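*Asks:* Give me coordinates for this.
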Amino acid sequence: MVTEHILQLVRYGIDKGLIAPSDKTYIVNRYFAVFGLDAPEHGAEEPAHAAGLYDILAALLNDACEAGLVSDSVSARDRFDTELMDIMTARPSDVADRFYRDYRQSPTLATDNFYTFCYDCDYIRGYRIEKDVQWKTHTEYGPFDITINLSKPEKDPHDIAAAKNAKISDYPSCLLCSENEGYAGRAGHPARRNLRIIPIDICGEQWGFQYSPYVYYNEHCIVLNQKHVPMVIDDAVFAKLFAFVELFPHYFVGSNADLPIVGGSILSHEHFQGGNYEFAMAKAPVEKSYTIKGFEDIQAGRVKWPMSVIRLGHADHTMLEEAAAHILYKWRGYTDADAFVFAHTGDEPHNTITPIARRRDDRFELDLVLRNNITTPEHPMGVYHPHEELHNIKKENIGLIEVMGLAVLPSRLKYEMEQLKHALVAGRDCHIIPELEKHAAWADAFGQRCAGLDEAQVQSIIEDEIGKSFMKVLEHAGVFKRDTAGAAAFDRFIASL
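*Replies:* Sure, this is the predicted structure:
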């Protein structure tokens, strides 16, 4: 059966255009070598059409495990199937050449074809992403995207044990380094054999363009500095963002903040995230316009959003870069004790910005989200961070993606919400169910509305309440609150400019 499974995979590669029909014998022999076959097994038949990639790889992985070629753990299987896919995946130079041939016709054609390629070569594992639970919740700020992330594989006990005994290595330095391209992986570091990175120029520096393997939204890309340098939000970052937007005018791009708590999960490597998607924040209107002294030609305003967002617009992005730098450096040193905004405590800085750039026809737009990472004994994880009463839904950092209105929620919620639904339909007390105890107080607020409803109706209510909790998460992360005092504090900062 191994031969038939190999022929299925080769048929898939031909059907998807990963390899040419004339490559067939060469690729088959490469796979025979991997599986230790000297010749095809007797009776193996060549398929007219390939099965789905998930089924083909699952069969080959089972073959490899039975033959003792790979241990039966999540990361070991992932390392092996990326080795299989890499045999059919074009070399980085060939992928880049095709990208720029397409780019000469249009940036959209280049990204469309590269995105499809990343799916076809299984760097983006579409069959895992399909497991993610997704819905929209309508709020006063627009429709929020809610995702329970199931595409990242769970930690396997075998992998945890292997990582404990694995040789410590600092290569690649992090998950974003360009050295990940083609890397075989190891315990504690995922395989990236079929990763391909497109070289791009950002303000005279060498950067890379790739897609996220977990694509939280359409064409979710990562833009990374080829050097392993830390995240920094300074005046240069705005020029870099607009350099990317000029290369790919159909994409937005943004940067996580550069401080712990309010920053992303990887602060050690400068990178941006972008894509071909319009988040709720991008659609949110400006609710109050401002004129900033020295930048009177720029449209500026406060966005109707749960977090504190200044939107700038102008046809000349260099004007926006200058205005953004002015706002950034004012904000870095800004203190308003009445609003509990402190630039520093001792030598520790607290103020920074999450910037997002996009193009609007012949104009450029820049959203600056004001961030502050101060902590207190009452809120040890951050004052402008999800407070403890929301940790049953979200306790992780609020990074760029969440800022824009997409909740990336932990996988545990799928099981917990399923149990909660059954409990509410049955009228059970969640306070005495161990796995639901953390959700009990939250569920008390809407549990009575579920009486007499069926499971589908209760599911809809739970999803809506999760979305409302995420809205509160963003309101907690907002530096200037959505009330009269908060609006006045926002105006005081603008006046300081």
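
*Asks:* Tell me which residue of this structure is furthest from the middle?
*Replies:* residue 42 (46.4 Å; C-alpha atoms, centre = their mean).

*Asks:* Tell me if I am right that that residue is in a helix.
*Replies:* No. Using DSSP: H, G, I helix; E, B strand; the rest coil, the assignment for residue 42 is coil, not a helix.

*Asks:* Quick check: the gap between it and residue 435.
*Replies:* 52 Å (C-beta to C-beta, to the nearest Å). (Glycine included, C-beta is placed from N, CA and C.)

*Asks:* Next: residue 444.
*Replies:* 16 Å.

*Asks:* Next: residue 409.
*Replies:* Relative to residue 435, and taking C-beta to C-beta, residue 409 is found at 16 Å.

*Asks:* Mind checking which of those two has more residues around it?
*Replies:* Taking other C-beta atoms under 10 Å, residue 409 and residue 435 do not tie; residue 409 has more neighbours (22 against 13).

*Asks:* in the sheet, who's paired with that one?
*Replies:* Beta-bridge pairing for residue 409 (DSSP bridges): residue 148.

*Asks:* Now do the contacts for it.
*Replies:* 146, 147, 148, 149, 393, 394, 466, 470 (C-beta atoms under 8 Å, 6 or more residues apart in numbering).

*Asks:* In this structure, where is pLDDT below threshold?
*Replies:* Filtered on pLDDT under 70, the chain yields the residue ranges 152-168.

*Asks:* For the stretch 301-450 of the chain, which segments count as strands?
*Replies:* 309-314, 344-345, 348-349, 351-360, 363-372, 406-409 (DSSP state E, counting those that start in this stretch).

*Asks:* Adding distance to residue 429, write those out as CSV.
*Replies:* Below are the strands of the stretch 301-450 of the chain laid out as CSV (distance: least, C-beta to C-beta, whole Å):
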stretch, distance to residue 429
strand 309-314, 41
strand 344-345, 43
strand 348-349, 44
strand 351-360, 41
strand 363-372, 39
strand 406-409, 25
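
*Asks:* quick one, which of those is packed in tightest?
*Replies:* strand 363-372 (a mean of 24; mean count of other C-beta atoms under 10 Å).

*Asks:* Note down every partner strand of it and its orientation.
*Replies:* Partners of strand 363-372 in its sheet, by DSSP bridges: strand 309-314 (antiparallel), strand 351-360 (antiparallel).

*Asks:* Assign a three-state SS to the residue nearest to residue 357 when sequence neighbours are not counted, would you?
*Replies:* The shortest distance from residue 357 to any non-neighbouring residue, by C-beta to C-beta, 6 or more residues apart in numbering, is to residue 241 (3.9 Å). Per three-state DSSP, the secondary structure class of residue 241 is helix.

*Asks:* give me the number of residues near residue 241?
*Replies:* So residue 241, with other C-beta under 10 Å, has 29 neighbours.

*Asks:* start to end distance for stretch 440-454?
*Replies:* Terminal residues of stretch 440-454 are spaced 20 Å apart (C-alpha to C-alpha, to the nearest Å).

*Asks:* what does it contact?
*Replies:* 389, 392-393, 420, 424-425, 427, 429-431, 433, 436, 457-458, 461, 465, 469.

*Asks:* centre of the chain versus that stretch, how much separation?
*Replies:* Centroid displacement of stretch 440-454 relative to its chain, using C-alpha atoms, centre = their mean, to the nearest Å, is 32 Å.

*Asks:* which of the contacts of residue 409 tops the neighbour count?
*Replies:* That'd be residue 470 among these, by other C-beta under 10 Å, with 27 neighbours.

*Asks:* Now do the same contact list for it.
*Replies:* 137, 144, 146, 393, 394, 402, 407, 409.

*Asks:* and the fifth one, what does it touch?
*Replies:* In this case it means residue 394. With C-beta under 8 Å, 6+ apart, residue 394 has these contacts: 386, 407, 409, 410, 469, 470, 473.

*Asks:* what does the third one give?
*Replies:* Applying C-beta under 8 Å, 6+ apart, we find residue 146 in contact with 134, 135, 136, 137, 406, 407, 409, 463, 466, 467, 470.

*Asks:* try 7 Å this time
*Replies:* By C-beta atoms under 7 Å, 6 or more residues apart in numbering, the residues touching residue 146 are 134, 135, 136, 137, 407, 409, 466, 467, 470.

*Asks:* Please narrow those to those residing in helices.
*Replies:* Cross-referencing the contacts of residue 146 against helices under DSSP state H gives 466, 467, 470.

*Asks:* Any chance you could list what contacts stretch 258-274?
*Replies:* In contact with stretch 258-274 (C-beta under 7 Å, 6+ apart) are residues 174-177, 220-225, 228-233, 241, 244, 251-257, 349, 352, 371, 373, 382, 385, 397, 399-401.

*Asks:* if we can go back for a sec, kindly confirm whether my reading is correct that the residue nearest to residue 357 touches residue 353.
*Replies:* No. The criterion here is C-beta atoms under 7 Å, and residue 241 misses it with residue 353 at 11.6 Å.

*Asks:* residue contacts, the residue nearest the centre of the chain?
*Replies:* Residue closest to the mean C-alpha point of the chain, counted by C-alpha atoms, centre = their mean, is residue 216 at 5.3 Å. Applying C-beta under 7 Å, 6+ apart to residue 216 gives the contacts 147, 401, 406, 408.

*Asks:* Please consider this matter closed, and thank you.
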